[in-house]
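# give me the fold of what follows.
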Amino acid sequence: MESLRKIEVITPKRGIFDVRLHELWGYRDLILLFVRRDFVAQYKQTILGPLWFIIQPVLTAIMFYVVFGKIAAIPTQDVHPFLFYFTGLTVWSYFSECFTKTSGTFIANANLFGKVYFPRLTVPISIVISGLFKFLIQLVILIILIAFFSLSGIQQISIHWTLVLFPVYILLMAFMGLGLGILFSALTTKYRDLSFLLTFGVQLLMYATPVVYPLSTITSEKLRFWITLNPLTPLVEAFRYAMLGVGSFKTITEVLFPAAVPSIIAGLRIGAGLGWLSLVGAELIVASSGMGNLIVRAQSALATDTVMVGMIAIGAIGVVIDILIRRIEKLLLRHRNA
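Numbers count the residues shown, from 1 in each chain. Below is the predicted model:
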């Protein structure tokens with residue numbers, strides 16, 4: 001008797017949010033193989049091998065120390081310039097690698113994608129994981145440097161309690177690099193010239209992020225505003241504040257964010273209301289289920305009571321959403337005034 005085999009039916013995706021994360025778990029061994037492939041391919045036939053994980057950021061930090069610390073004499077908030085630059089580079093290198101390598105996913109793996117089926121998201125995720133190993137190695141070097149500078153009396157380091165948010169920083173950097181990389185990977189597949197522009201753009205973005213300078217040195221309010229809009233700015237500042245005890249993270253959490261709470265809540269209320277109305281409106285027109293579709297079917301059947309109940313339910317849900325957002329605003333304002 002022949003053994004029964006499990007047959008897997010491959011169906012096309014039917015929506016933009018049809019990610020199918022359960023497939024990724026089934027292909028976890030393939031993700032680990034891709035991670036191993038990245039390590040082997042990158043440092044194959046090199047003399048120093050994985051030591052470049054350490055040498056490259058150290059040499060870059062030394063170059064920044066000479067150029068920006070000695071020649072340009074940019075202040076680093078009473079922190080030794082080398083330690084200041086190495087901390088910023090540790091964060092930036094992880095995002096940069098995730099973004100640049102993920103953006104070239106389809107070009108670098110075109111032959112593989114055309115031969116066999118597997119979830120395409122496995123390749124970008126393997127890039128993020130392999131970059132995480134490099135990031136952790138550089139983080140260990142950073143901790144050793146902090147201990148050396150502190151024990152030798154060169155620099156007094158005060159590690160802040162926000163270091164407990166370290167996993168959040170990693171996830172934000174990983175998802176930001178992964179999301180932007182996947183977005184641009186579709187564009188670089190069609191427009192190959194964009195890959196060269198991305199390399200140049202990432203270099204410019206580093207100087208628009210407080211990696212080689214503290215945010216406090218930006219005296220122009222307009223320029224400071226645009227740099228603060230950079231989503232990487234709070235991540236770099238928060239990481240540096242947690243590791244070295246310097247940065248503008250305290251300003252962001254205790255001044256800028258509390259001052260922006262009313263505007264944020266107002267935007268959330270407007271957005272939630274418009275979103276709820278748009279959802280009901282779409283159900284009234286094209287949906288085959290939902291509150292709006294229920295009202296349409298009740299109207300066709302002349303069921304006035306059902307129509308009235310549906311309209312009251314729509315209004316009640318909108319009021320509940322608004323009340324919840326107002327409660328959140330009160331809690332945030334109470335925390336600010338405490």
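# Asp322 touches Leu268, doesn't it?
No. Using C-beta atoms under 8 Å, Asp322 makes no contact with Leu268, being 9.7 Å away. For every residue, glycine as well, the C-beta is placed using N, CA and C.
# from the contact counts, what lies against whichever strand or helix holds Ile323?
Assigned by DSSP states H and E, Ile323 falls within helix 304-337. Under the contact criterion of 3 or more C-beta pairs under 8 Å, 6 or more residues apart in numbering; DSSP states H and E, helix 304-337 touches helix 257-285, helix 291-300.
# mean pLDDT lowest where, among those?
Lowest mean pLDDT of the helices and strands packed on helix 304-337: helix 257-285, a mean of 68.
# now for the chain, the helix or strand with the poorest mean pLDDT.
Least confident helix or strand, the chain: helix 249-251 with a mean of 55, by mean pLDDT, DSSP states H and E.
# show me what contacts Leu24?
Contact partners of Leu24, counting by C-beta atoms under 8 Å, 6 or more residues apart in numbering, are Ile31, Pro119, Leu121, Thr122, Ile125.
# what helix or strand is it located in?
Secondary structure assigned from DSSP H and E places Leu24 in helix 21-26.
# now do the helix or strand that that helix is followed by: everything it contacts.
Next in sequence after helix 21-26, counting helices and strands by DSSP H and E, comes helix 28-42. Helix 28-42 is contacted from outside by Leu24, Pro50, Phe118, Thr122, Val123, Ile125, Ser126, Ile127, Ile129, Ser130, Phe133, using C-beta under 8 Å, 6+ apart.
# one more time with 6 Å
Outside helix 28-42, the residues that touch it by C-beta atoms under 6 Å, 6 or more residues apart in numbering are Thr122, Ile125, Ser126, Ile129, Ser130.
# mind checking how far the first one is from Val164?
In other words, Thr122. 31 Å (C-beta to C-beta, to the nearest Å).
# what of the last one?
Ser130 sits at a distance of 26 Å from Val164 (criterion: C-beta to C-beta).
# looking at those two, which is more packed in?
Ser130 (21 against 9; other C-beta atoms under 10 Å).
# quick check: pLDDT value at the more buried one.
86.
# which element, helix or strand, includes it?
Element membership for Ser130 (DSSP H and E) is helix 122-151.
# which strands and helices sit next to that helix?
helix 28-42, helix 52-64, helix 81-103, helix 166-190 (3 or more C-beta pairs under 6 Å, 6 or more residues apart in numbering; DSSP states H and E).
# in a markdown table, list those along with mean pLDDT, mean neighbour count and distance to Asp305.
Listed next are these as a markdown table, based on pLDDT from 0 to 100; neighbours: other C-beta atoms under 10 Å; distance: least, C-beta to C-beta, whole Å:
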| stretch | mean pLDDT | mean neighbour count | distance to Asp305 |
| --- | --- | --- | --- |
| helix 28-42 | 79 | 14 | 53 |
| helix 52-64 | 83 | 16 | 69 |
| helix 81-103 | 87 | 24 | 54 |
| helix 166-190 | 81 | 17 | 47 |
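# for those helices, which one sits closest to Arg240?
helix 81-103 (5.1 Å; C-beta to C-beta).
# run the chain-centre distance for the closest one.
13 Å (C-alpha atoms, centre = their mean, to the nearest Å).
# check which helices and strands it sits against.
Contacts defined by 3+ C-beta pairs under 6 Å, 6+ apart place helix 81-103 against helix 52-64, helix 122-151, helix 166-190, helix 193-207, helix 232-244.
# compare those and give me the one nearest Ala73.
Comparing the helices and strands packed on helix 81-103 by C-beta to C-beta, helix 52-64 comes nearest, at 12.8 Å.
# what does that closest one contact?
Phe82, Tyr85, Phe86, Leu89, Lys134, Ile137, Gln138, Ile141, Val212.
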